[in-house]
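Asker: quick check, what structure comes out for this input:
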Amino acid sequence: MIKIDNIKLPVDAGKDELNRKIKKLLRNKDYRLVRILRRSLDARKKNDIHYNYSVMVEVSDNEEKTVRILNNKNITLTKCTDYHFSYSFEREKYSESNIYRPVIIGTGPAGYFAATVLADNGFCPIVIERGKPVDERKADVDCFWETGILSEESNVSFGEGGAGTFSDGKLNTGNKDRDGIYSFVFETFRRFGANESVCYDAKPHIGTDVLMKIMRNMRRNILDKGGNIFFSTKLTDLQASNGTYKLTLEQSREENPDDISSVCSNYRRLDTDDEKINRYEIFTDNVILATGHSSRDTMKMLYEQGYSMEQKPFAIGLRIEHPRRMIDIDRYGDDFADKLPAADYKLTYHAANGRAVFSFCMCPGGYVINASSQKGCMTVNGMSYSGRDSDNSNSAIVVNIVPEDISGDNPLDAALFQVELEKAFFNAGEGNVPVQLFGDFIQGEKSLKLGSIKPQIKGKITLSELKSCLPEYVSDAIIDGIRYFGTRIKGFDSEDAVLSGIESRTSSPVRIIRDDDLQAVGFPGVFPCGEGAGYAGGITSAAADGVRCAEKLAARMLSINN
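Answerer: As a prediction, the model looks like this:
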């Protein structure tokens, strides 16, 4: 294969223009465009904004000789690195009664990607999700935003697709794709409904509306390939039992007219006085724990069962909103602001008190959302639709938190730290999203009215005072950071900029320790996975970790059954 880098094209150029440029660079040689590897927007010079492409092509001539004759540093030989799942399970070869089906807890990116590759390759996973399917989940979320009535099991954090479903849908990753697994993740998203541009854009983005469609399609594929998915079904206990694992589940009868016994031969029904739920024990020898970063009750249960955990760094802060057009003009200039997608930014600063302060989960043309999942607590996140056409752009401005900031020796103390902050913000907003203007935040004064920026927030809001709800070292760093960011983006430090909070769930504050085979230390066959287990930092890395855990599970399952 031949790789061609740094193909410069106007922002409105299409495939025909790309092909003409490739043919010119190859001096009219016959070629086949294998794939676009990357497309990145170069906006460093406002009078020369353009796309840079990298592509992979095949030519009919000797490729090594062709590259040597062309003598262009941007034209090189390359190898096609495609990821392929390494294992398959031919279930008909085995006695069904002697096989435990693998169980996956959670349907976020980690859980659904693990389930997808296992189902595609014959392993027939059973998937357990405490929340609801995406359409019913959306109805619950919309109801919450309109009325403030929260379902603690079906919300922005819990349900099909995980927290990423109600987000900006960014597929960024800062990691090198040495084994092709990230390309596989992008291609899988495209397979289930994303635009093909996610496979090559430098900053791929899907959006909440398209992510919902993708989740439905992934679910159908898992079911069609022999998997089973149980929603409104919660893991309440996980115990080692004679070389296997006993999972205790509570299942909503209303949401599950067909109980889990219809597909699982290794189960035991438990007595319950609650007419609304079924309780079961099911057995397996392989479990993927992809519970997400908000399943604090599950982490507590696992810690009590003896799973080794450690605190890890995370970040907390506030969301900030600005007019989308202000950001677009600053990034692109007047000539291109209306011709390009909503502009993003990435900002970092080292505050005077020594803290790192940085923008996180930037949502161009997006919304701030009430992302609470626990009654009496408030947390916010950012979300956008595929069109990124909201009037505002927002991001979290967050400050690093290290284990030394957390009092106590229990690794779960960091989660308690988050909870106390979320309670303070809930009280500040009287149950609604608390909002304050940046100018008032500096002064520590409650905002009495909005300025020139109308908040774009999903959920009811209350003008509040936020500074006193944060540790002083966090609020001081946020003020320092926003003032500095105003030197990078004109108007960023406007006194009318709208702040809301708390952004407390940037990542899990806890990591479940696992070994080289990705299994929990001391618990062979249990695979802590994704963001909730402390091994991912977004949709793409969580999905990739799900695939890697599925590989290890598949290898173990085959070794057990051979």
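Asker: hang on, Asp80 in a strand?
Answerer: Actually, residue 80 is Cys rather than Asp. No. Assessed with DSSP: H, G, I helix; E, B strand; the rest coil, Cys80 is coil; it does not lie in a strand.
Asker: can you get me a residue count around it?
Answerer: Using other Cβ atoms under 10 Å, the number of residues around Cys80 comes to 12. (Glycine included, C-beta is placed from N, CA and C.)
Asker: who touches it in this structure?
Answerer: Contact analysis of Cys80 by Cβ atoms under 8 Å, 6 or more residues apart in numbering lists Met1, Val34, Met56.
Asker: the first one and Glu58 touch, don't they?
Answerer: Yes. In this structure, Met1 is within contact of Glu58 by Cβ atoms under 8 Å, at 6.2 Å.
Asker: now do the buried residues in stretch 468-477.
Answerer: Cys469, Leu470, Val474, Ser475, Asp476, Ala477 (16 or more other Cβ atoms under 10 Å).
Asker: re earlier: what do Met1 and Glu58 both touch?
Answerer: Common neighbours of Met1 and Glu58 (Cβ under 8 Å, 6+ apart) are Val34.
Asker: next, give phi and psi for the closest residue to Ser494 other than its chain neighbours.
Answerer: By the measure of Cβ to Cβ, 6 or more residues apart in numbering, the closest residue to Ser494 outside its immediate chain neighbours is Phe438, 6.8 Å from it. For Phe438, the backbone dihedrals are phi -60, psi -40 (criterion: degrees, to the nearest 10).
Asker: who's in contact with Asp338?
Answerer: The contact partners of Asp338, taken as Cβ under 8 Å, 6+ apart, are Asp328.
Asker: from Tyr245, how far out is Gly226?
Answerer: 21 Å (Cβ to Cβ, to the nearest Å).
Asker: the more surrounded of these two?
Answerer: For Gly226 and Tyr245, the more surrounded residue by other Cβ under 10 Å is Tyr245, and the numbers stand at 21 against 17.
Asker: give the next helix or strand downstream of the strand ranked longest in the chain.
Answerer: Using DSSP state E to define each element, the chain has its longest strand at strand 31-42. Where DSSP states H and E defines the elements, the next helix or strand beyond strand 31-42 is strand 50-59.
Asker: okay, buried residues for the helix or strand following that following strand please.
Answerer: Downstream of strand 50-59, the next assigned helix or strand under DSSP H and E is helix 63-70. Using 16+ other Cβ under 10 Å as the burial criterion, the residues of helix 63-70 that qualify are Thr66, Val67, Leu70.
Asker: same question for stretch 424-440.
Answerer: Neighbour counts over stretch 424-440 (16+ other Cβ under 10 Å) mark 424-426, 428-429, 431-438, 440 as buried.
Asker: same list, the buried residues of stretch 468-477, but as a markdown table with pLDDT, distance to Ser393 and secondary structure please.
Answerer: Converted to a markdown table, the buried residues of stretch 468-477 look like this (pLDDT from 0 to 100; distance: Cβ to Cβ, whole Å; DSSP: H, G, I helix; E, B strand; the rest coil):
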| residue | pLDDT | distance to Ser393 | secondary structure |
| --- | --- | --- | --- |
| Cys469 | 98 | 24 | helix |
| Leu470 | 98 | 23 | coil |
| Val474 | 98 | 23 | helix |
| Ser475 | 98 | 23 | helix |
| Asp476 | 98 | 25 | helix |
| Ala477 | 98 | 22 | helix |
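Asker: Asp413: which of these is nearest?
Answerer: Using Cβ to Cβ, Val474 is the member of these that lies nearest Asp413, at 17.3 Å.
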